[in-house]
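# pasting a predicted model and its sequence here:
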Amino acid sequence: MFKTTITTTKPIRAGFTLIELLVVIAISAMVIGGAIAGYITFENRRRTETQTQQLQQMILSARSKASARVTPDNYFNEGACRNENNRRLIGYRVRLDAVNDRITVQPRCENGVANNQGTDTFTLANLDMTLSGTGDFTFYTVPQNGVLTSLSGNTTITVEGGGLTCSFTVTEAGGVTRVNCV
């Protein structure tokens, strides 16, 4: 009449085995590594695009200054023109230096290029980027022979870096295209 029940208790398994933990850690490391690599690629591409846009803005600024006939402060008082008798500003010279990865914008006088007064220089900040194109042209304050630049044709300025190539074109008529990145 007495019933005897025997209960056996299995040991309760709490936690994870070492193998399970190692698998989770390995998968997490791969996901994090992929995210970091993706972020670095994104950041390099963004820098290249930003640098190209800054170059474009510098050239647009030179064009704007030329059309508005803006002269730098103390431009004439400090002998910016080589010939003091001939002080008329005729435009802004844009010079591309692909060897040193920089663009220089300089006021131009009627008798030639001014000294360094009012000169702006933009150098690519990232050493992994390269600048290419041909460029030594002037945006005129008034059209010369019907054109606003000294270009004989269009010139394309290209910045390469971070697996991205960005470029824009300065036209003979003085237009500057949008930055295009591929």
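Everything's here; your move.

# residues making contact with stretch 42-52?
The set of residues external to stretch 42-52 that reach it, using Cβ atoms under 8 Å, 6 or more residues apart in numbering, is 124-126, 128-129, 157, 159-164, 166-168, 179, 181. Where you see a C-beta, it was placed from the backbone N, CA and C, and this is true even at glycine.

# which of the residues you listed are buried?
Neighbour-count burial (16 or more other Cβ atoms under 10 Å) is assigned, among the contacts of stretch 42-52, to L124, M129, I157, V159, E160, G161, G162, L164, C166, S167, F168, V179.

# just checking, the second one touches V159?
Yes: here M129 lies in contact with V159, judged by Cβ atoms under 8 Å, at a distance of 5.7 Å.

# geometric centre of the chain: which residue is closest?
Among the residues of the chain, Q51 comes closest to the average C-alpha position under Cα atoms, centre = their mean, at 0.9 Å.

# quick check: that residue vs Q106, distance?
Using Cβ to Cβ, to the nearest Å, Q51 is found at 21 Å from Q106.

# how far off centre is whatever helix or strand A29 lives in?
Element membership for A29 (DSSP states H and E) is helix 18-68. Chain-centre distance of helix 18-68: 12 Å, with Cα atoms, centre = their mean, to the nearest Å.

# can you give me the buried ones in stretch 138-157?
Burial within stretch 138-157, assessed by neighbour count using 16+ other Cβ under 10 Å, is assigned to T138, F139, Y140, T141, L148, T149, S150, L151, T155, I157.

# mind putting those into CSV with distance to A68 and pLDDT?
Output for the buried residues of stretch 138-157, formatted as CSV (distance: Cβ to Cβ, whole Å; pLDDT from 0 to 100):
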residue, distance to A68, pLDDT
T138, 15, 84
F139, 11, 85
Y140, 12, 85
T141, 8, 82
L148, 13, 76
T149, 16, 80
S150, 19, 79
L151, 20, 79
T155, 23, 87
I157, 23, 88
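
# including secondary structure, could those residues go into CSV?
Converted to CSV, the buried residues of stretch 138-157 look like this (DSSP: H, G, I helix; E, B strand; the rest coil):
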residue, secondary structure
T138, strand
F139, strand
Y140, strand
T141, strand
L148, strand
T149, strand
S150, coil
L151, coil
T155, strand
I157, strand
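
# ok, these vs M30, which is closest?
Nearest to M30 out of the buried residues of stretch 138-157 is I157 (Cβ to Cβ; 40.1 Å).

# tell me where the model's unsure across the protein.
In the predicted model of the chain, residues 1, 8, 72-87, 111-118, 126-127, 144-147 satisfy pLDDT under 70.
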